[in-house]
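**Student:** Here's a sequence, model it:
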Amino acid sequence: MANGGSSSDPAAAPIGVFDSGLGGLTVVRQLSRAMPGEAIVYLGDTARVPYGIRSLATVRQYALEDAAFLLRFAPKLIVVACNTASAAAVEALEAFCRPVDVVDVIRPSAAAALAASKGPIGVIGTEATVASGAYERAIHAIDPRRRVVAKACPLLVPIVEEGRDEADPIVLSVLSDYLRELQRLRPGAMILGCTHYPLLARAIGKLMGPDVALVESGESVAAEVQRRLRAAGLENLGKSGGTLRCFTTDNPQRFAQLSERFGGRKIDVVDLVGTDELRSAIEPADRGFP
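**Tutor:** Sure, this is the predicted structure:
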(Lines give C-alpha, C1' and ligand atoms only; values in the text may rest on other atoms or scores of the structure.)
Protein backbone atom coordinates (compact mmCIF):
# COMPACT_ATOMS: atom_id res chain seq x y z
CA MET A 1 0.00 0.00 0.00
CA ALA A 2 1.54 3.28 -1.08
CA ASN A 3 1.20 6.27 1.21
CA GLY A 4 2.31 8.85 -1.33
CA GLY A 5 5.15 11.33 -1.11
CA SER A 6 6.71 12.85 1.97
CA SER A 7 6.88 16.50 3.07
CA SER A 8 9.84 18.39 4.49
CA ASP A 9 7.43 19.72 7.13
CA PRO A 10 5.24 16.88 8.43
CA ALA A 11 2.86 19.36 10.09
CA ALA A 12 2.07 20.81 6.64
CA ALA A 13 0.68 17.48 5.41
CA PRO A 14 -3.11 17.46 4.93
CA ILE A 15 -5.82 15.82 6.98
CA GLY A 16 -7.75 13.32 4.84
CA VAL A 17 -11.52 13.12 5.38
CA PHE A 18 -14.05 10.85 3.69
CA ASP A 19 -17.78 10.29 3.82
CA SER A 20 -20.42 8.69 1.64
CA GLY A 21 -21.48 12.12 0.43
CA LEU A 22 -21.80 15.70 1.62
CA GLY A 23 -22.51 15.08 5.30
CA GLY A 24 -18.86 14.83 6.26
CA LEU A 25 -18.48 18.51 5.41
CA THR A 26 -20.18 19.22 8.75
CA VAL A 27 -17.12 17.58 10.33
CA VAL A 28 -14.78 19.55 8.04
CA ARG A 29 -16.47 22.74 9.22
CA GLN A 30 -15.57 21.94 12.84
CA LEU A 31 -12.04 20.82 11.95
CA SER A 32 -11.41 24.13 10.18
CA ARG A 33 -12.95 26.09 13.04
CA ALA A 34 -10.71 24.39 15.61
CA MET A 35 -7.57 24.30 13.41
CA PRO A 36 -7.85 27.04 10.76
CA GLY A 37 -4.34 26.46 9.42
CA GLU A 38 -4.87 22.83 8.45
CA ALA A 39 -5.06 21.69 4.83
CA ILE A 40 -7.86 19.18 4.24
CA VAL A 41 -8.47 16.76 1.38
CA TYR A 42 -12.08 15.55 1.28
CA LEU A 43 -13.67 12.66 -0.58
CA GLY A 44 -17.45 12.34 -0.86
CA ASP A 45 -18.49 9.03 -2.44
CA THR A 46 -21.73 10.43 -3.83
CA ALA A 47 -22.03 7.80 -6.57
CA ARG A 48 -22.59 5.14 -3.91
CA VAL A 49 -24.50 7.16 -1.31
CA PRO A 50 -26.19 6.25 0.98
CA TYR A 51 -23.93 3.79 2.77
CA GLY A 52 -26.51 3.41 5.52
CA ILE A 53 -28.77 1.00 3.64
CA ARG A 54 -25.97 -1.31 2.47
CA SER A 55 -24.52 -4.38 4.17
CA LEU A 56 -21.66 -3.84 6.59
CA ALA A 57 -19.38 -5.95 4.34
CA THR A 58 -20.08 -3.67 1.37
CA VAL A 59 -19.58 -0.53 3.44
CA ARG A 60 -16.31 -1.94 4.75
CA GLN A 61 -15.00 -2.44 1.21
CA TYR A 62 -16.09 1.05 0.15
CA ALA A 63 -14.39 2.54 3.21
CA LEU A 64 -11.10 0.80 2.43
CA GLU A 65 -11.26 2.09 -1.14
CA ASP A 66 -11.99 5.63 0.07
CA ALA A 67 -9.08 5.54 2.50
CA ALA A 68 -6.72 4.11 -0.11
CA PHE A 69 -7.52 7.05 -2.39
CA LEU A 70 -6.81 9.56 0.37
CA LEU A 71 -3.50 7.88 1.20
CA ARG A 72 -2.26 9.05 -2.20
CA PHE A 73 -2.08 12.55 -0.71
CA ALA A 74 0.26 11.46 2.13
CA PRO A 75 -2.09 12.67 4.89
CA LYS A 76 -0.90 12.96 8.47
CA LEU A 77 -4.26 11.62 9.72
CA ILE A 78 -7.50 10.30 8.21
CA VAL A 79 -10.96 11.08 9.56
CA VAL A 80 -13.77 8.63 8.86
CA ALA A 81 -16.52 11.28 8.73
CA CYS A 82 -19.23 8.68 8.24
CA ASN A 83 -20.96 6.89 11.08
CA THR A 84 -21.81 3.87 8.95
CA ALA A 85 -18.23 3.44 7.74
CA SER A 86 -16.94 3.98 11.27
CA ALA A 87 -19.25 1.26 12.54
CA ALA A 88 -18.39 -1.19 9.77
CA ALA A 89 -14.70 -0.68 9.22
CA VAL A 90 -12.74 1.28 11.81
CA GLU A 91 -10.54 -1.64 12.92
CA ALA A 92 -9.81 -2.65 9.31
CA LEU A 93 -9.07 0.99 8.43
CA GLU A 94 -6.68 1.39 11.34
CA ALA A 95 -4.72 -1.66 10.18
CA PHE A 96 -4.89 -0.70 6.50
CA CYS A 97 -3.77 2.90 6.96
CA ARG A 98 -0.98 2.25 9.46
CA PRO A 99 1.19 4.22 10.28
CA VAL A 100 -1.29 6.98 9.41
CA ASP A 101 -3.61 7.56 12.35
CA VAL A 102 -7.38 7.09 11.89
CA VAL A 103 -10.10 8.93 13.81
CA ASP A 104 -13.68 7.67 13.58
CA VAL A 105 -16.82 9.58 14.56
CA ILE A 106 -18.30 7.01 16.95
CA ARG A 107 -15.84 6.78 19.84
CA PRO A 108 -15.39 10.56 20.33
CA SER A 109 -19.17 11.08 20.18
CA ALA A 110 -19.80 8.27 22.67
CA ALA A 111 -17.32 9.81 25.11
CA ALA A 112 -18.90 13.26 24.66
CA ALA A 113 -22.39 11.90 25.37
CA LEU A 114 -21.21 10.20 28.55
CA ALA A 115 -19.57 13.42 29.69
CA ALA A 116 -22.72 15.43 28.93
CA SER A 117 -25.13 13.43 31.09
CA LYS A 118 -25.38 10.72 33.72
CA GLY A 119 -28.75 9.55 32.39
CA PRO A 120 -29.77 7.29 29.52
CA ILE A 121 -28.32 8.02 26.10
CA GLY A 122 -30.31 8.07 22.89
CA VAL A 123 -28.80 7.49 19.46
CA ILE A 124 -30.29 8.20 16.04
CA GLY A 125 -28.54 7.00 12.90
CA THR A 126 -28.81 5.11 9.64
CA GLU A 127 -30.06 1.54 9.50
CA ALA A 128 -26.54 0.12 9.13
CA THR A 129 -25.11 2.20 11.99
CA VAL A 130 -27.90 1.24 14.37
CA ALA A 131 -27.81 -2.43 13.32
CA SER A 132 -24.06 -2.57 13.98
CA GLY A 133 -24.48 -1.76 17.69
CA ALA A 134 -21.30 0.32 17.45
CA TYR A 135 -22.51 3.13 19.69
CA GLU A 136 -23.68 0.72 22.37
CA ARG A 137 -20.27 -0.97 22.34
CA ALA A 138 -18.39 2.32 22.49
CA ILE A 139 -20.54 3.62 25.36
CA HIS A 140 -20.47 0.36 27.33
CA ALA A 141 -16.71 0.11 26.94
CA ILE A 142 -16.56 3.23 29.15
CA ASP A 143 -19.70 2.75 31.27
CA PRO A 144 -21.15 -0.80 31.08
CA ARG A 145 -24.25 0.17 33.07
CA ARG A 146 -25.38 3.08 30.96
CA ARG A 147 -28.69 2.54 29.19
CA VAL A 148 -28.58 3.17 25.44
CA VAL A 149 -31.56 3.28 23.07
CA ALA A 150 -30.88 3.58 19.35
CA LYS A 151 -33.35 4.40 16.58
CA ALA A 152 -32.78 4.05 12.84
CA CYS A 153 -33.94 7.06 10.82
CA PRO A 154 -33.44 6.07 7.15
CA LEU A 155 -35.44 8.94 5.62
CA LEU A 156 -33.43 11.76 7.18
CA VAL A 157 -30.43 11.58 4.83
CA PRO A 158 -32.45 11.92 1.61
CA ILE A 159 -34.56 14.64 3.24
CA VAL A 160 -31.44 16.66 4.05
CA GLU A 161 -29.92 15.96 0.62
CA GLU A 162 -33.09 17.33 -0.97
CA GLY A 163 -32.44 20.64 0.76
CA ARG A 164 -35.52 20.57 2.98
CA ASP A 165 -35.13 22.79 6.04
CA GLU A 166 -36.23 22.41 9.61
CA ALA A 167 -39.45 24.40 9.12
CA ASP A 168 -40.69 22.01 6.42
CA PRO A 169 -43.80 20.16 7.70
CA ILE A 170 -42.54 16.95 6.06
CA VAL A 171 -39.32 17.17 8.09
CA LEU A 172 -41.21 17.78 11.32
CA SER A 173 -43.64 14.95 10.63
CA VAL A 174 -40.87 12.43 9.91
CA LEU A 175 -38.84 13.53 12.93
CA SER A 176 -41.88 13.34 15.22
CA ASP A 177 -42.48 9.75 14.15
CA TYR A 178 -38.86 8.70 14.54
CA LEU A 179 -38.32 10.41 17.90
CA ARG A 180 -41.48 9.22 19.66
CA GLU A 181 -39.78 6.36 21.54
CA LEU A 182 -36.81 8.51 22.50
CA GLN A 183 -39.10 11.24 23.78
CA ARG A 184 -40.63 8.69 26.15
CA LEU A 185 -37.15 7.59 27.25
CA ARG A 186 -36.22 11.16 28.29
CA PRO A 187 -32.48 10.66 27.70
CA GLY A 188 -29.95 12.99 29.27
CA ALA A 189 -28.04 13.12 25.97
CA MET A 190 -28.75 12.11 22.41
CA ILE A 191 -26.14 11.40 19.77
CA LEU A 192 -26.85 12.60 16.24
CA GLY A 193 -25.30 9.50 14.73
CA CYS A 194 -25.07 10.72 11.15
CA THR A 195 -23.15 13.71 9.81
CA HIS A 196 -26.27 14.93 7.96
CA TYR A 197 -28.26 15.32 11.16
CA PRO A 198 -26.66 18.56 12.46
CA LEU A 199 -28.62 20.34 9.72
CA LEU A 200 -31.77 19.24 11.55
CA ALA A 201 -30.44 19.90 15.06
CA ARG A 202 -32.78 22.77 15.89
CA ALA A 203 -35.87 20.77 15.00
CA ILE A 204 -34.56 17.72 16.87
CA GLY A 205 -33.73 19.84 19.89
CA LYS A 206 -37.19 21.39 19.88
CA LEU A 207 -38.87 17.98 19.79
CA MET A 208 -36.60 16.45 22.44
CA GLY A 209 -36.69 19.44 24.78
CA PRO A 210 -34.06 21.67 26.40
CA ASP A 211 -32.95 19.09 28.97
CA VAL A 212 -31.54 16.74 26.32
CA ALA A 213 -27.95 17.49 25.32
CA LEU A 214 -27.48 16.91 21.58
CA VAL A 215 -24.08 15.50 20.64
CA GLU A 216 -22.90 16.29 17.11
CA SER A 217 -19.87 14.35 15.89
CA GLY A 218 -18.09 17.31 14.31
CA GLU A 219 -17.10 19.03 17.54
CA SER A 220 -16.01 15.88 19.37
CA VAL A 221 -14.06 14.64 16.34
CA ALA A 222 -12.30 17.98 15.90
CA ALA A 223 -11.24 17.91 19.54
CA GLU A 224 -9.91 14.36 19.18
CA VAL A 225 -8.02 15.17 15.97
CA GLN A 226 -6.44 18.23 17.56
CA ARG A 227 -5.44 16.20 20.62
CA ARG A 228 -3.77 13.52 18.52
CA LEU A 229 -1.96 15.96 16.24
CA ARG A 230 -0.64 17.92 19.20
CA ALA A 231 0.55 14.77 20.92
CA ALA A 232 2.42 13.77 17.75
CA GLY A 233 3.80 17.27 17.13
CA LEU A 234 1.89 17.44 13.82
CA GLU A 235 -0.58 20.27 14.40
CA ASN A 236 -0.35 23.13 11.93
CA LEU A 237 -0.47 26.16 14.22
CA GLY A 238 -1.41 28.66 11.53
CA LYS A 239 -4.32 30.94 12.48
CA SER A 240 -5.68 30.97 8.94
CA GLY A 241 -4.98 29.81 5.41
CA GLY A 242 -6.11 26.22 5.66
CA THR A 243 -7.07 24.89 2.24
CA LEU A 244 -9.86 22.49 1.30
CA ARG A 245 -9.67 20.29 -1.77
CA CYS A 246 -12.77 18.24 -2.54
CA PHE A 247 -13.29 15.12 -4.63
CA THR A 248 -16.59 13.44 -5.41
CA THR A 249 -17.52 10.31 -7.33
CA ASP A 250 -20.60 11.80 -9.01
CA ASN A 251 -22.11 15.15 -10.02
CA PRO A 252 -19.46 17.65 -8.88
CA GLN A 253 -21.73 20.55 -9.83
CA ARG A 254 -24.40 19.48 -7.35
CA PHE A 255 -21.73 18.84 -4.74
CA ALA A 256 -20.42 22.39 -5.15
CA GLN A 257 -23.94 23.84 -5.00
CA LEU A 258 -24.80 22.10 -1.72
CA SER A 259 -21.37 22.31 -0.10
CA GLU A 260 -21.90 25.69 1.54
CA ARG A 261 -24.99 24.42 3.37
CA PHE A 262 -23.07 21.50 4.84
CA GLY A 263 -19.58 22.92 5.23
CA GLY A 264 -20.18 26.59 5.86
CA ARG A 265 -18.01 27.71 2.96
CA LYS A 266 -18.38 27.99 -0.79
CA ILE A 267 -16.42 25.46 -2.84
CA ASP A 268 -15.87 26.57 -6.41
CA VAL A 269 -14.01 23.54 -7.76
CA VAL A 270 -14.80 19.90 -7.02
CA ASP A 271 -12.73 17.24 -8.76
CA LEU A 272 -14.47 14.14 -10.13
CA VAL A 273 -13.00 10.74 -9.39
CA GLY A 274 -14.69 7.57 -10.61
CA THR A 275 -15.52 4.60 -8.42
CA ASP A 276 -13.28 2.48 -10.66
CA GLU A 277 -10.40 4.74 -9.66
CA LEU A 278 -11.28 4.25 -6.00
CA ARG A 279 -11.15 0.49 -6.49
CA SER A 280 -7.81 0.74 -8.26
CA ALA A 281 -6.41 2.83 -5.38
CA ILE A 282 -6.07 -0.43 -3.44
CA GLU A 283 -3.04 -2.26 -4.74
CA PRO A 284 -3.66 -5.87 -5.84
CA ALA A 285 -1.97 -7.28 -2.73
CA ASP A 286 -4.39 -5.30 -0.56
CA ARG A 287 -7.62 -6.40 -2.24
CA GLY A 288 -9.87 -8.43 0.02
CA PHE A 289 -8.08 -7.01 3.06
CA PRO A 290 -9.31 -9.00 6.07
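
**Student:** which ones are touching the most centrally placed residue in the chain?
**Tutor:** For the chain, residue 81 is the residue whose C-alpha lies nearest the centre (Cα atoms, centre = their mean; 2.1 Å). By Cβ atoms under 8 Å, 6 or more residues apart in numbering, the contact list for residue 81 reads 17, 18, 19, 23, 24, 26, 27, 28, 105, 195, 217, 221. C-beta here means a position set from N, CA and C on the backbone, and glycine is covered the same way.

**Student:** So what are the sheet partners of the helix or strand where the first one lies and their directions?
**Tutor:** Using DSSP states H and E, residue 17 falls within strand 15-19. Strand 15-19 has the following sheet partners, assigned by DSSP bridges: strand 40-44 (parallel), strand 77-80 (parallel).

**Student:** Need the mean per-residue confidence for the helix or strand following the shortest one.
**Tutor:** Per DSSP H and E, the first helix or strand lying C-terminal to strand 77-80 is helix 83-97. Regarding helix 83-97, the rounded mean pLDDT is 95.

**Student:** Helix or strand next in line after helix 83-97, which one?
**Tutor:** Following helix 83-97 in sequence order, the next helix or strand is strand 101-104 (DSSP H and E).

**Student:** Does anything pack onto that next one? Which helices or strands?
**Tutor:** strand 77-80, helix 83-97, helix 217-231 (3 or more Cβ pairs under 8 Å, 6 or more residues apart in numbering; DSSP states H and E).

**Student:** Which strand or helix spans residue 165?
**Tutor:** Counting by DSSP H and E, no helix or strand carries residue 165.

**Student:** Can you give me the neighbour number for it?
**Tutor:** Around residue 165 there are 13 other residues, counting by other Cβ atoms under 10 Å.

**Student:** Redo the helices and strands packed on strand 101-104 as CSV? Include mean neighbour count.
**Tutor:** Formatted as CSV, the helices and strands packed on strand 101-104 follow (neighbours: other Cβ atoms under 10 Å):
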stretch, mean neighbour count
strand 77-80, 27
helix 83-97, 24
helix 217-231, 20
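
**Student:** Buried residues in stretch 148-162, which are they?
**Tutor:** Within stretch 148-162, the residues that qualify as buried by neighbour count (16 or more other Cβ atoms under 10 Å) are 148, 149, 150, 151, 152, 153, 154, 156, 157, 159, 160, 161.

**Student:** Can you check which of the strands paired with strand 15-19 gets nearest to residue 242?
**Tutor:** Distances from residue 242 to each of these were compared by Cβ to Cβ, and the smallest falls on strand 40-44, at 6.7 Å.

**Student:** Quick one: end-to-end length of stretch 268-278, please.
**Tutor:** From its first residue to its last, stretch 268-278 covers 23 Å (Cα to Cα, to the nearest Å).

**Student:** That stretch: which residues count as buried?
**Tutor:** Of the residues in stretch 268-278, those buried by neighbour count under the rule 16+ other Cβ under 10 Å are 270, 273, 278.

**Student:** which one is the residue nearest to the centre of the chain nearest to, not counting chain neighbours?
**Tutor:** For residue 81, ignoring the flanking residues on the chain, the nearest one in space by Cβ to Cβ, 6 or more residues apart in numbering is residue 24 at 3.1 Å.

**Student:** returning to what we had before: beyond the strand holding residue 17, next helix or strand please.
**Tutor:** Beyond strand 15-19 in the direction of the C-terminus, DSSP H and E gives the next helix or strand as helix 25-34.

**Student:** Work out the gap between that following helix and the centre of the chain.
**Tutor:** Its chain's average C-alpha position is 11 Å from that of helix 25-34, according to Cα atoms, centre = their mean, to the nearest Å.

**Student:** So which elements touch it?
**Tutor:** Packed against helix 25-34, as judged by 3+ Cβ pairs under 8 Å, 6+ apart, are the following elements: strand 15-19, strand 40-44, helix 217-231, helix 252-263.

**Student:** will you turn those into a markdown table that also has mean pLDDT and distance to residue 88?
**Tutor:** Compiled in a markdown table, those are given as follows (pLDDT from 0 to 100; distance: least, Cβ to Cβ, whole Å):
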| stretch | mean pLDDT | distance to residue 88 |
| --- | --- | --- |
| strand 15-19 | 97 | 13 |
| strand 40-44 | 97 | 17 |
| helix 217-231 | 96 | 16 |
| helix 252-263 | 86 | 22 |
